[in-house]
Structures are given as C-alpha cells and as structure tokens.
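>>> predicted structure and sequence below. I'll ask about it afterward.
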Amino acid sequence: MGSFIANTDEQQQEMLSAAGYDSYDDLFAHIPEAVRLGRDLSIRRGLSEMEVIREMENLAEKNTVFKHIFRGAGSYDHFIPSIVKEVVAKEEFVTAYTPYQAEVSQGNLQTIFEYQTLMCELTGMDVSNASVYDGATAAAESVFMCRDRKRKSVVISGTVAPAVIDVIRTYCSGRETEITVVPAKDGLTDKEAVSAVLDSGTACLIVQQPNFFGNIEDADELCEAAHAAGAKFVMSVDPIAMAVLKTPGECGADIAVGEGQALGMPMGFGGPYLGFMTAAQKMMRQLPGRIVGQTEDSEGNVCYVLTLQAREQHIRREKASSNICSNEALCALTATVYLSALGPDGLKQAAGLSADKAHYLQQELAKAGFAPAYPQAEFFKEFVTECPVPADRLMAELEKHSILGGLPLADGKILWCATEKNTKEDIDELVRLAKEVIC
Amino acid sequence: MGSFIANTDEQQQEMLSAAGYDSYDDLFAHIPEAVRLGRDLSIRRGLSEMEVIREMENLAEKNTVFKHIFRGAGSYDHFIPSIVKEVVAKEEFVTAYTPYQAEVSQGNLQTIFEYQTLMCELTGMDVSNASVYDGATAAAESVFMCRDRKRKSVVISGTVAPAVIDVIRTYCSGRETEITVVPAKDGLTDKEAVSAVLDSGTACLIVQQPNFFGNIEDADELCEAAHAAGAKFVMSVDPIAMAVLKTPGECGADIAVGEGQALGMPMGFGGPYLGFMTAAQKMMRQLPGRIVGQTEDSEGNVCYVLTLQAREQHIRREKASSNICSNEALCALTATVYLSALGPDGLKQAAGLSADKAHYLQQELAKAGFAPAYPQAEFFKEFVTECPVPADRLMAELEKHSILGGLPLADGKILWCATEKNTKEDIDELVRLAKEVIC
Amino acid sequence: MKTIFESSVKGRKLTLLPESDVPAADLKAAKRETPLGLPEVSENDISRHFSEMAKATHGVNDGFYPLGSCTMKYNPKVNDEAASLPGFTNIHPLQPDHTVQGCIGLMKEAEATLCEITGMDRMTFQPAAGAHGEFTGLLLIKAYHRSRHDLQRNKIIVPDSAHGTNPASAVMAGYEVINIPSQEDGCVDLEALRNVVGDDTAGLMLTNPNTVGLFDKNILEITEIVHKAGGLCYYDGANLNAVIGIVRPGDMGFDCMHINLHKTFSTPHGGGGPGAGPVGCKAFLADFLPGMLPEGDDELKLVKPEKSIGMMKAFNGNFLILVRAYAYLIMLGREGIPEIAKNAVLNANYLRVMLAGKYVMPYKETCMHEFVMSLEHEKASMDVTAMDVAKALLDYGIHPPTMYFPLIVHEALMVEPTETESKETLDSLINAFTEIYDKALEDPEYIKSAPHKTIIERPDEVSAARHPKLRYIPEDK
Amino acid sequence: MKTIFESSVKGRKLTLLPESDVPAADLKAAKRETPLGLPEVSENDISRHFSEMAKATHGVNDGFYPLGSCTMKYNPKVNDEAASLPGFTNIHPLQPDHTVQGCIGLMKEAEATLCEITGMDRMTFQPAAGAHGEFTGLLLIKAYHRSRHDLQRNKIIVPDSAHGTNPASAVMAGYEVINIPSQEDGCVDLEALRNVVGDDTAGLMLTNPNTVGLFDKNILEITEIVHKAGGLCYYDGANLNAVIGIVRPGDMGFDCMHINLHKTFSTPHGGGGPGAGPVGCKAFLADFLPGMLPEGDDELKLVKPEKSIGMMKAFNGNFLILVRAYAYLIMLGREGIPEIAKNAVLNANYLRVMLAGKYVMPYKETCMHEFVMSLEHEKASMDVTAMDVAKALLDYGIHPPTMYFPLIVHEALMVEPTETESKETLDSLINAFTEIYDKALEDPEYIKSAPHKTIIERPDEVSAARHPKLRYIPEDK
Ligand SMILES: Cc1ncc(COP(=O)(O)O)c(C=O)c1O
Ligand SMILES: Cc1ncc(COP(=O)(O)O)c(C=O)c1O
C-alpha cells in the first residue's frame, strides 16, 4: 500500500497521547456509530509507486495516439514549445493555492496580471478576468453578465459550436432564460433571421468567430444588429485567429470569450482547458471569477492583489456575480508563457500556417472529390466538406495510417482542421488515402 | 533557422558602433585571411523548434524500447521514483556551473556534501569525492591514487567487468603501469593465482563485488592478500548491493569505487552515469576531483565550500592528482535524491527484490534447460547460464516479445540480470519462450 | 519585479515554427488592425522572468500551508508523471471510443472507486471544480423534482456557516436561498431546520464535518427532516478528507455531492486551479447526470444518460486531473484511504490541543481535519487581529490559515494541517504561534506591521479596488 | 539550512516498491552489519529540502553568468525535451545494433556535423568532459608516435597561460610538460617555441583564441613549427564559441581536439557536469580513436577502430548529453552556427569597450568571445581585489566572472558574456561594475566585505581545508 502520511506509527501514538486520546477509536468516538462505515472499503489493495506507474502506462497504451491529427471542433493540436512545459512544471506554480496571501504570492499574482493584459491585447478588450473553466462555460457565464431584470433571453447563432450551445443551455436551465438558436445558413450566421429575433428582451447575441464550421463571420454587422436591439454582443473567439482577424474590440463587442486550449495546453482528452473572458470597461464589475489588480504596498512598492472581490461568492454569497471559486490558474499561466514565447510574430505565424495548411488541404480534398460544403464562405483553419462515402469508412482507413481525420457531422459532412503541425507531406498522404477510399 | 541570439539586428548594429566597429567584418578583421573559413559550413539548414522535436522523435522511434529488460553488465534497469526526476529537473540545478562562488551556490554545495555523506554510508568508507565520469574511470583513477614511485603495477581480478578493465588499461597506457589480469576461476577471483602475483611492486589489487558474472566474492580474504603484500585493496561495487552485502569499509578496503547509474539514472544508451569514489581517511588527499567541505562564514554560519583544492589541476597543474575538472554533478544529485527517497528500508528492498527475482529466474531457467554456469558461486542480481542453442537465436525470439534477454558472452554463455522491475509473470513468460527455443 | 512586457525589445523572438511548405492562403476577411501587443522576448528572458515569478510564490514545496477548507496536502509527483504520459496528453476529446479505451477505462474504474468511497451510485467527471460540482448537483435536484412535476420546490436551505459557493450556486441554479443559523457549535439547529422545511424545499446543502471542523452528530436526523419534507440533500465534499474511509456521505443520507479532487485526492491546486469536482449521486438521480458516462464491459463507450441535464463543460471534464487522482487512488487503496482521515484528524487535534494554551478555541470538542481559532480576545486586549497574526506567520515561512472564515466565528483563523505534515512541522507552527503571541504582548506594533521578511509589505487593497489597474499599460500610452 | 539527514525520523518512508511475488532468495554471503545511515524522510520532506537547495543555487535562469572560459550560455529547453524521450532514455547500452539504429544514426550525423564545424575527419563521443577529451587526444598522439616507432617523443609543450587541465592531462598521458612563457599579449612566443621543439616533442596543446581572449595571428606558423619538428598539435576546444563557423581548428593546423558540448553546444552544466568532450581528429589519427564509432549506411553499426587506444569510459559516452547538443545543432544549422561566434564576440567587445573607462584592460586589441580585466591598479590604490569586486557583483544578482585565471594576468577577472545575453543584460553588468568602482573609491570597506545580500557571508576557506569536514556526522556520534 502506498502512503503519504508523514508521521510514523510511533509519532502518531505520541501525538494521540499529547492530544489526550488513547487511540484512534477514542479520537473518532464522537462520530455516531450509525453513520460509521464499520468495514473496509471494497476497493483494491494499495499499490507501490512502481506498480502505479506501470498500471498507468498500461492504461495509456490502450489509447491510440494519432501521429497526424486533422480534427479540431474545439480542441486543437497546435505546437507546444518546450519552454512552456518547463515553466508550468515549476513546483511553486503547480502546488500553490489561489493567491490569498499577496505577500507570498507576488509571482502568481503578477503572472495573472500579465495574463489579463495578454488576453486584453489578444481580443482588443479593456478588462479580463483570471480565467474560468473552459470556453463553453465562459460563454455561459457571459449570459449571466448580460442578463438583467428586463432582458432575460439569449440569441445564439446556430454556427456556434454545439457543445458551447449545450453548456449555455444547461447553465441557463435553472433560471428562466429563453434561448433562441438561429439556424445557420450556408455555414454562416443567418443575419436576417438573427435580426428578426433580437428584441427588447434580448440580453445578448452570441456569435462564434471563426464559427464552428471554420467560417469567418461578418462580426461587425452582427454587432450592429445586436446593439440596434439594445442587446449586448458576445463573441466567442479562437485565440490563435486573433493574430489575424478583426478582434472583438475592433468589432465593438461587449464581451469576448473563448477556449484557450490552443495556447499551449495539450488536448488531454478534453481538459484541463482554459476559459478566457474579456470585456469592455463598463462591464468590469459583472465579470465572474478572480481578477488581479496592481496596487502599492505600505512602502510604495508596486505589487499585485486579488481585487474587486465584492463580486465574488465568498463576500457576496447569494448575491455574487457567479459561484466560481477555483478557476484554471495554471492553464492561464500556460497561455501566458505560450504567448510570451510566440510573441506577435510567432502568433501571426501560427495563425498564418494553420490557415495555409487548411486551405491547401481543402483544395486538395476538393480535387480528390470531397467538395467544400460552403464554397461561398471564407474559412480560417477549419472547413466542412461533403463526403461521398460514409464517413466511418474513410475514418477507419485513415486510422490505419495513424491519421485522425476530420470530425464526421450528423449530416454526413466532415469538419476538417489543420494547424502548423500538419506538413504538406502528411496532407498529401491523407488526400491520397481519401481518394482511394472513394474510388 | 533556429537562434538563441538575444539581440536584434538593430541592437547588434548599435553595439558594433558603440564598441567602435563598422560591421562584423571589421570586428573580425584581425583574424588572418589564411585561416578564415570563407564559406558557408556544409551542414544542413537550421530548423525551427517544432521541426527539431519532430526529427528527434523520429530518431528515437528508430530505437527499440524493450518492455522487459533482463540485461545488466554495468547498466541496470532499476525503478526511478518520480520525485527523483522532478527534483533533478529544477532549472537551478540543471543550469548552474561548478559552485565556484560559494555565497550563491550553497544549495549545490550542500547537496554535494550530502552526496559525499551518502556514499560514505553506502560503502562504509571515510571520505568521498563529488563524483567522476563513470564507474570505469573511477576504477582507473583509483590506480593513480595507489601508484607511487615504488609500486607501479596493478593486479586486477579477471572477474572485473571487461569494460572496466579496458578503461583501466587505456588510462594506464600513458605511464608505465604493468597490469596483470588474473583469469577467473569458476566465475570467481582465483585467490591463489592473485596471491601469487601480488608483490612489492603492486600498487593495488582491484576486485569487483558482486563481480561481472554476478557472483559474490570473498572480499575479506582478497583484502588480506593485498594488504599482506603491502598493496592497496580497491573494491568496485554495485551501490544497490551495498544495502545487504558486507561493505568495502567492513572488508578493510582502502578505496571503494563504482558505477552509480543504478541510483536513479536512466540507462540512456550508456550515459551520463556516475562514477563514485570513496576512500579511507588516510587516502583523502589522493582523491581526484571536486570535494566539498563544511566551514563557517565570517558571521559563524555553517556553510559549504569546494575544498582541498591543492590536489586539483587548476591549482597544481602538472602536479595535480588528476586532470578532472567537470564531473557528473547532476548525476550525483540524482543519486542523492534517489537514496533519500529509498531510505534504508527502500534500498534494502530494492536489493532484496533484485536478488529474489534473479534467483527465481535462475531456478526457472535451470529447469528449462539453461544450466547455471557457476553453480558453486553465490550471486546477487546477475548470473551466468549455459545456453544450449546459439544465443542469438534465443535473443531474436525474446526480442519479438519485447524482451531484452541476458548478455551473450563470448564463450556462448549468457549473463542474465533481474531487478525489482521484473515481475514473476514476465519471468515466467521469458522462461516459457526460452524453453520453446531450445525444444 | 519587472513585468514580461517591460523586457520586450522590438524584433526579439524565438524560432519555434517552420516556414510554410504550402501556398499562402489569401484571407479576404476583415483583418486585425490593432498592433498585437505581445511581449517580444528571448527564451532566456522567459526562463528568467518566470523563475523570478516562481520564487515569489509560496508553494507547498516551500513549507507548511495549513489553509483551512483547502486541504493543502502534499501532491505526489507520481500523479504528475502519470498525467504527462503521451497516451493521455495527446488524445483528442472527440476520438472514437474504440481509440480511447484507456481513458474510458480509467473513468470507469475511478467512478467505481469514488462511488464506493462516498456511498454514491454513479458519478460524472464533467465539473471542473467544487463550485461547478455544486451547480451540477443542484441542477440534478431540480431535474428530479421537475421529473416528478413537483414544481413548487424553489428553495435551497443553506446554513449560515456554509462556504460562499453554496448560496451562490443555489442562485445560479435558480433557487431561492434560505439561510438557517447554526448553533453555537456550528452544527445545524434542528429546530430551525424543521421550521423552514416544507413543500417548497428543493433541498439542503451541507458539509459534514461543518465549516468549523466539527462532525454534526445529528446528521441522520438532519437528512431525514429534509427527506421527510420531500427535499433532497446535497453534500459539499470539500471536507471529505476528514471522513474518507470512515464515514460515507451516502450513508449519512445525502443524495448527491461533489468531491474536490484538488483537495482530498491530492491533485495540485495550480495556484488556483485547474481542479476537478466530480459529482456523485444515488441511483435515482443517475439518469439526470450531465456529460458522458462510461458504459460497457469489454468494449467501453461513453454514453449520455437518458434524461441528462445536458453538458456542464465541453468534452469530458478536466481529464488530466482525474488521471492524477486515479494514480493516487490506486496507490493508496483499501488500506491507505482510511489512513488519510485518521492522520488528518489526529494532526488537527494535536495542533488544537497544543495551541489551546495560548489561543482561544471557540469549540472545545474533538475536531475533525481542521479547527477554528478566534482572535477576538487578542483583538480586544492587544488590538492584534486574525489578519495580523496571519501576516506574522509569513515571516516564519508558513502560509497562514484561512482568515475570517467561517463568518460565524469572529476573527477566525481556520487551520487545516492535512495528513501529509509531520509532527516536526506541526511543532514549528505551534512554536511560531507561541512566539507571535508573546511578541504581541510585548510589542504589538511589530505584529501589526508584519510581515517583515517578505518581498513586499501589506498591499493596499482598498485603493486596488477603488482604482482598478487590471492590465499592464505601456509607458508611452 | 538543515541537511536532509537532520530531517530524518526513524521509520518514516516512501512506498516505492512492491512486495515480492517470488520466493525470497537466501543469500549466505557475508552481510552488511553497519547500519545503513540513509535519511528516513517523506516525499514532502524531499520536495521541500531540494526546493530550498535549488533556491540557494544561482543558475543561468536566475541571472547573468559571465563566467570566463565556461561559456554559460542559455540552454534551450528543447534540448532537454529531446533527451527525455523514452526512445533515448530507456535504451540499454548493450542492445544489439539493429535495435539502436536511432542512437547510432544520431551519433553518425552529429559526428559529420561537428567534423565539418571543426575541420576534423572523425570523432569519438566517449570522453565525458573537456579534460577527459584532452587525455584522449594525448593518448592518440602517443599512439601515433608509437605506431611510427618514434618513441623518444616524451614532451608536450604547453603555454603558461593554458588551462590547468592541459598540463595535468599531459602528465596523465605520461608526458613531461614543457611550459613556455606567453608574450605580453598572451600569444605564443614564436622564438620560445622554436627553442623548445625538437625530436622529443610529442606535441603542443593550445587554445585559440587564447585564454586572455585574443586570437593568435601566428597560429599557422605555430602549428607549422611543431609539425616541422615532428610533433602534433592539440586544440583545446573550450573556446570554440569564439570561432565557430568562422575559423576551424582543422584549418589552423591542428591534428586533434576536443569540444565541450557543455560550453559551445549549449548542454547544461548541471552544477558541475555531466558534460561531454568529444574528440575529433584528422584522418591519419582516426584508427586510434577509442570506443565505438558509427559505420555503415543503411544498416548502421558501432565498430571499434583497428588500432584503437581502447576505452576511455564504459559504453558510448554521455549519450544523452550528445542528444541535447544534436538538437541544438540541427536547430541552428548552417546559418545559425556562425551567428553564435559573431554575437559572442560582439557582446564581449561591447562590454570590454564600455568597461574600459573605469577598469584597466591589459589587452587593448579586439578580443574574441571573452576578455580579461586586471584589478591590479584597484588593489594597489584602494586595496580592493578582483575577489572583492567579484563578491560585490553577487549583490546585483550577477554571477561573477572567473577570478584569478589565467595566471599570467594579476588580479584577473575573465568575462565571457556569450551570445545569448541581451544588450540590456550587458548594460546591467556595466552599471554594476561602475557602481562598484565608485563605491570602492568612496567606501572600500563596503566592497571588501561584500557580499551583503546573499544567504551567507564569505566562507572561511582556509579552515575548511585545514580541518576538513567532508561528510555529515550525526550529533550522537
Ligand atoms: C467548503 C467548500 N465548498 C466548496 C468549495 C469550492 O471548491 P472550488 O474552489 O473547487 O470551486 C470550497 C473551496 O474552497 C470549499 O472550501
Ligand atoms: C580552456 C579550458 N580547457 C579545458 C577545460 C576542461 O573542460 P571540462 O571541465 O569539461 O573538463 C576547461 C573548462 O573549464 C577550459 O576552460
């Protein structure tokens, strides 16, 4: 059996006595018999570390690690620089708690301050929080920021990722919040239909950029439509795309949210990921979660603290803007190091390469007989094609060559993705195999 | 192309000017034309980090990582606790230089002091240095510690690992040092033959414990023989075995050396490993390499420094006890953390389990038709068997099942090894396969 | 300390990505026009900057961290090693089930183990933290009542000693919060409870041991009162470390609950997350669980429960955190798990008794894994507050206990030593507390102006909130 | 700081290894009787102890490290990531060749690349460090002369400015050392050299740039003089960073040489190793190389050269260090390699010129990657020594330059900034040096008692050597 108990049996006895107890039975005597388990847990015997690592390796080996990944849909195989992994593995960062004690947490606090700055830079917004659970919960929290007594309904474009829509629905299921999902048109937000449903009860319009199908929305127009109805405009964005596309700030959005996984986090079967949230200045006090601010100590030194806590659950309890307590701090640090390592040129390069590869893949797939599903739309690093055969057959063939193909959609189409990690050679191989399957 | 140059082109220009140079040509103008390369290096173009890591992964994949390893012969597949890897990856430990500046190197110095203590404890000797390159060079350096004007020859038991003997030979090839290797008898040191060659010119007798064949030598008797001839007695030992076997100190050895790889270092295709050297007090000033000592600072605080430097090349130059400068400090730290993690019980357990598995393997192999080569000898975690078929055939079969079998020896025998990592199940599988091969 | 932005030099960069090997895509969409203000630095700059940041951060590796309600135990490194295996990290969340049998298998085993430990029947791993789990559990309760068309149940009862997330979660789930006062000993006032339950009671949120560290002996009565009124009982599992292997929430009458893997199950806190807050429930609630649950024996698959409340998070939750917790679970196993609770409780009581000589313990009973001390007396007599004592501890290299929580104790310091701390470490805290007390008597100003050895003095929190500076702004702007 | 032994508590332990699943072996051999005095600690104790140790160690990640002759450049993390791939770490050194094609392929490529960089024809990766390489090279020279039955060549010529390892290595190889004085500029005195060469000359050991950082312009004449006398020329490659991609030792007339991968090729120093000191040589020496060399095209194998001097180390050298260097080599490539030398030289000259205002530079010429300053004047005028200035730098978070080397310059400080440091960092050193100088004028005692901000003051080295305490001894012993 493994154990991380520090005290030896002897020490435990000594301490029991010192605290006035005969034995552990005595120590636990105040717990009513009726609720005691009174038996051993019916779980396996404990293992030594050596056995644990062997068993974990065996489990990991039961998963297929694909060499070439052409699937995105919310989780992306971007390159992670070594320095990112090195920095975020530092024991101090890994093991600290939320920085309640500023005097011994300046490093943690300052990196969050840097994270907030980076997220504002990326999205073009004024203020940022210190992270929420993931991109989908970030979108859901944004609804709560916009809702008020008068405006309780939400309009979501049908081009927003289904998982994000699902989470928003679930989050809103407790409080009466009417959700209208406006079906997509040709892989893009149906602007007319959206304008038609926006009204004086609409708290916000939520749009994704690039959208779930990889297509680039005309965000300016959608923002105008939302604002014309007095609703807030929320954009859920791919942070990598922010290096090249018009930002939420530039589009006039009130809130920007998104999934930060692409900024240095592994796919990890879905988490931990990073939900980021930035907002226009006027919405600062509606932001959920931790926020770090700069201040001075009693000697006048610049320093950092958790601030605006009057929004938070531990102060406001049932009146808090959100219930969030622990967030995804280490993921926010990861993004901070990633963005520092890439820098402006590197992030533009990552964005550019992803777009280049995706466009090349789309052209080659089209030649091979996989027609683009939305030829009129412009896309970034993801796109949808038709699939002349059942998608499963194609996927099975690709899997044999350690390729994870695009995501089969419910309508038989496929959502492909490329990043800077996909080489021309790999793309050509994929296309060759795909061609074979449909011949 | 990759680059780790900090300064931008602009900064470089600025600095060139500030230092009084027009250009890089100007900066290098003093180098005679005749020796300048004057062309590009004929090597590959530089890569980005992403390409580098992909290429390194491809190379690594061209190697076979065996799941089950039954080969030792100087490099051992012992279990490495996670905490060991975590600690030795700390950037400060990894990137510092030799601790010349004690005031900012107390951590490094103190851990070396702890390492020295641990090595003394393990071997039962009085003093230790801070490491040398590996076990074989440690053995070779021990010869130089023993040699003097009168005693210039070395007697080595033929049961010492061939690689160690080779290195001693090479090290001694520069200065006239007669080396006599006394052939083994039944897998053990031939005591009579050894006694017969020891004489007043013998600087030292070198014996390995357990020896290359895995057998346990009667070190006391050999020590007596060496001392009787006025020679020093040097023992090359397996550090894991020290948890259970009589130590060099207990046997009366003058010097103990050994390969420390088993103490937490990966096999790594041969290095970096750890040469350890400990000695009786009287030989302290003959030790080669760095040594750390405890002292006090000007305020009376306990602290640590590199000491006894009068032995070293940077002070004594041609009169130094050795030329060693950089050693294997991070490996010494690895051993320090490993031994702290295992503790006395853990190390005894590692030793005991290795011996248990090896003995089980030997018995099962014997039943399967692989007779022990040295049935009279007692062994620790390695042993030699006969092999009724060409060893290559057996190895090829085992390889198919991801098993690295024992080391085929020149005489057709096989040197097997087991550690705590080999389970009964794996051993039974190996024996089953081996049996099949000879049927 | 300089920010990373202040090290930026125009044009400085790393060389991470290759040139393109395909034609350039020509995007016509509206482009970003604002300059991208990311720092331009070298890898060396990054290494040094974040080394400096790490050194200005107190981790568990730097010393004792007896932060009450947070279970800052030692995080075994084997957890991290397991979670960094490429067979876990490089797995896309939307891979087909047959390619992720290891992941699903791990979820299945972890679920079975944690259900046995908690006395629950099924569990979802989607929630990313404790608060997220609370919200999930409350939605389960809501779905349950709705499924029975029991629609008037719109109130959640929460003791005033509860963690702030409880009432906040209840509101997010669309409930009205009914606060009930605690008794003097922090336990539930049965009378008060009986008075508030009714056919509008959706449920009760409770943690046991409660937030002052005491085990509520009336727990079976409490849950029965709620059940009798038709409500369900939600267990805030943040305090599971006290009872793990000894008492099970399921056996205390709770219907659903969350677990903080980042507390009891030793996954690191990461400076504020990521954690994981799996939610377990009794069988009758299992059909409502969110996300995808592992099913099957040989061929495992992820299946969405029939009447699922939906999705609490995209994908499968903080899976790599679960990997860590699972490594910990299989390492400790049957014999190791109860040792946690025993030693956590012993360590807390040892400290409590040893400190009772100098400091006032508002509760004299045996505590569980943590206890609360009150500095009310010190504040009155020497004008030294809980905050002052906490800050003075910083100079000993000890992270202070939780301050001013729970709200029902004045000048509270809440101490949770955890089972991974040794007697020597506990004694060092006793010593520090004792010295601080003595110093406070002798020279209160010294304590009131603590800390003295940290890189900054006490920060001005008021002006931070009054004039929020939430991002770096370059000097030239 | 407590030693790990002082945290030991009898019976405390980790649980790393399983119970045995086979019968216990019953060893009859003589057993260890002395108690095994290893510390008994928890994993938590280990984490905290070594965290404390790491924090008391200045690494490159903590700040500037301009240690002359040591090339303390930034070590890219991608090197470490590559070297931690299981396909490298979990490889037994005695695996059959067909199972280690990746390792041999890497050795082959690394050899080809480093040979092109140095102008050598073949290379062994067995030597574990620079000094080990020197010893290897000298044995090659010896084997060469022996093979020609040229047996009277028993002297190695070494300039008095040489690194201490050079004469020490020569002696290990059984040579007599002939020291020749350097000229005032640290360069070889051609007359003195001509005077000592003869038919007892086995060879010359030299580094160029020399140890004062100057490029010896007469290098071709020097190597010719030695060659004419029948000797060979050995190049100490510790200073390769200055000339890499610009000048090749092979083209300067050197016959063999070592490279410090842990200097020029950016493998970390590990607090004093492990490094790697591959030895390259011209074709006529290749048959004597030690260890196993990669051969073959498709099916690679490791082959021992025909007349090999033998083995310098068990197995294949510090292979995982070579992996790091190889990652660095392929990353920089053709264009990146010469940038190293250019920027290393530029950074050194920038510092040299900027510091020349206050400090005396004994050599006024353009330096290469490092330069030497002399504090002789300061010692005479203010009684402030090179050591004092070095210690004062510690208070700026800067690791001091190498002190008192080379021996031919009095009160020497040898500064090597490396190419990975930025102008801002160099300016911070200039600023520190300037402030120290000014402070020394004003208050020399302050500088003489520096450092003031480190965890200890200057240690008493004399008593350390006089009463050596080389291991921890428990109080009760
Ligand atoms: C009693 C209690 N409940 C709930 C929570 C919330 O957990 P988390 O921070 O993971 O959301 C905490 C955490 O501090 C807690 O102490
Ligand atoms: C000029 C010179 N030669 C040789 C060496 C020896 O190298 P190593 O320490 O790797 O043995 C050094 C290292 O300091 C050096 O500076």
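Thanks, I have it. Ligands and ions are numbered 1, 2, ... in the order given.
>>> would you map the helices across the stretch 51-200 of chain C?
Assigned by DSSP state H, counting those that start in this stretch, the helices in the stretch 51-200 of chain C fall at C:77-83, C:86-89, C:101-118, C:130-147, C:165-172, C:190-196.
>>> leaving out chain neighbours, which residue sits closest to residue 316?
Reading this off chain A. Spatial nearest neighbour of residue A:316, excluding adjacent residues (Cβ to Cβ, 6 or more residues apart in numbering or on different chains): residue A:310 at 6.5 Å. Backbone N, C-alpha and C define where each C-beta goes, glycine included.
>>> ah, I was thinking of chain C
residue A:270 is the one closest to residue C:316 (Cβ to Cβ, 6+ apart), at 4.0 Å.
>>> repeat that for residue C:135.
Closest residue to residue C:135 apart from its sequence neighbours, by Cβ to Cβ, 6+ apart: residue C:169 at 4.7 Å.
>>> residue A:52 and residue C:331 touch, don't they?
Yes - Residue A:52 lies in contact with residue C:331 (Cβ atoms under 8 Å); the separation is 4.7 Å.
>>> near ligand 1, which residues of chain A are found?
Within reach of ligand 1 by Cβ under 6 Å from any ligand atom, chain A has these residues: A:325, A:326.
>>> residue numbers of the stretch 51-200 of chain A in contact with chain B?
Applying Cβ under 8 Å from any Cβ of the partner chain, we find that the stretch 51-200 of chain A lies next to chain B at A:53, A:79, A:81, A:82, A:86, A:89, A:90, A:91.
>>> of the residues you listed, just the buried ones, PyMOL syntax please.
Those of these that count as buried under 16 or more other Cβ atoms under 10 Å in any protein chain shown are selected in PyMOL with:
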select buried, chain A and resi 53+79+81+82+86+89+90+91
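>>> on the three-state scheme, the residue of the stretch 351-477 of chain C found nearest chain B is what?
Minimum separation of the stretch 351-477 of chain C from chain B (Cβ to the nearest Cβ) falls at residue C:420, amounting to 13.3 Å. Assigned by DSSP: H, G, I helix; E, B strand; the rest coil, the conformation of residue C:420 is coil.
>>> what about it, how many residues close to it?
Residue C:420: 26 surrounding residues under other Cβ atoms under 10 Å in any protein chain shown.
>>> same question for residue C:148.
Counted with other Cβ under 10 Å, residue C:148 comes out at 10.
>>> do the same with residue C:262
Using other Cβ under 10 Å, residue C:262 has 31 neighbouring residues.
>>> mind telling me what element residue C:367 is part of?
Using DSSP states H and E, residue C:367 sits within no helix or strand.
>>> for it, which non-adjacent residue is closest in space?
Residue C:367's closest residue in space is residue C:213 (Cβ to Cβ, 6+ apart), at 4.1 Å.
>>> was I right to think residue A:115 contacts residue A:338?
No - the criterion here is Cβ under 8 Å, and residue A:115 misses it with residue A:338 at 10.6 Å.
>>> just after the helix or strand bottoming out on mean pLDDT in chain A, pick out the following helix or strand.
In chain A, no helix or strand scores lower on mean pLDDT, DSSP states H and E than helix A:313-316, which sits at a mean of 84. With elements assigned by DSSP H and E, the helix or strand that comes after helix A:313-316 is helix A:329-368.
>>> residue in the stretch 51-200 of chain C nearest to ligand 2?
When scored by Cβ to the nearest ligand atom, the stretch 51-200 of chain C has residue C:51 as its residue closest to ligand 2, at 24.8 Å.
>>> apologies, that question was intended for the stretch 201-350 of chain C.
Counting by Cβ to the nearest ligand atom, the stretch 201-350 of chain C gets nearest to ligand 2 through residue C:268 (37.5 Å).
>>> and that residue, what pLDDT?
Model confidence at residue C:268, expressed as pLDDT, equals 97.
>>> OK, contacts around it?
Neighbour list for residue C:268: A:94, A:95, A:330, C:60, C:75, C:79, C:80, C:262, C:324 [criterion: Cβ atoms under 8 Å, 6 or more residues apart in numbering or on different chains].
>>> count of residues packed around the fifth one?
By other Cβ under 10 Å, the residues close to residue C:75 number 28.
>>> my guess is it contacts residue C:60, does it?
Yes - in this structure residue C:75 lies within contact range of residue C:60 using Cβ under 8 Å: 6.7 Å.
>>> shared neighbours of those two, anything?
Common neighbours of residue C:75 and residue C:60 (criterion: Cβ under 8 Å, 6+ apart): A:95, C:268.
>>> what comes up buried for stretch A:27-34?
Those would be A:27, A:28, A:31, for stretch A:27-34 by 16+ other Cβ under 10 Å.
>>> for stretch C:391-409, same thing?
For stretch C:391-409, burial by neighbour count (16+ other Cβ under 10 Å) applies to C:391-406, C:408-409.
>>> now the residue nearest to residue C:316: how far from residue C:103?
Going from residue A:270 to residue C:103 by Cβ to Cβ, to the nearest Å gives 9 Å.
>>> now do residue C:420
28 Å.
>>> tell me who's in contact with residue 382.
As the question left the chain open, I've gone with chain A. A:72, A:73, A:210, A:213, A:214, A:358, A:415, A:416, A:417.
>>> actually chain C
By Cβ under 8 Å, 6+ apart, the residues touching residue C:382 are C:440, C:441, C:444.
>>> can you report phi and psi for the closest residue to the last one other than its chain neighbours?
Using Cβ to Cβ, 6+ apart and skipping the chain neighbours, the partner closest in space to residue C:444 is residue C:382 (4.8 Å). For residue C:382, the backbone dihedrals (degrees, to the nearest 10) come out as phi -120, psi 0.
>>> how much space between residue C:382 and residue C:411?
Residue C:382 is 12 Å from residue C:411, where distance means Cβ to Cβ.
>>> enumerate every residue touching residue C:239.
Here residue C:239 is in contact with C:69, C:207, C:208, C:209, C:210, C:211, C:368, C:369, C:370 (criterion: Cβ under 8 Å, 6+ apart).
>>> got those residues as a markdown table, with distance to chain A and neighbour count columns?
Shown next, in a markdown table, are these (distance: Cβ to the nearest Cβ, whole Å; neighbours: other Cβ atoms under 10 Å in any protein chain shown):
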| residue | distance to chain A | neighbour count |
| --- | --- | --- |
| C:69 | 10 | 20 |
| C:207 | 14 | 23 |
| C:208 | 9 | 27 |
| C:209 | 10 | 26 |
| C:210 | 13 | 25 |
| C:211 | 12 | 30 |
| C:368 | 9 | 29 |
| C:369 | 12 | 30 |
| C:370 | 14 | 32 |
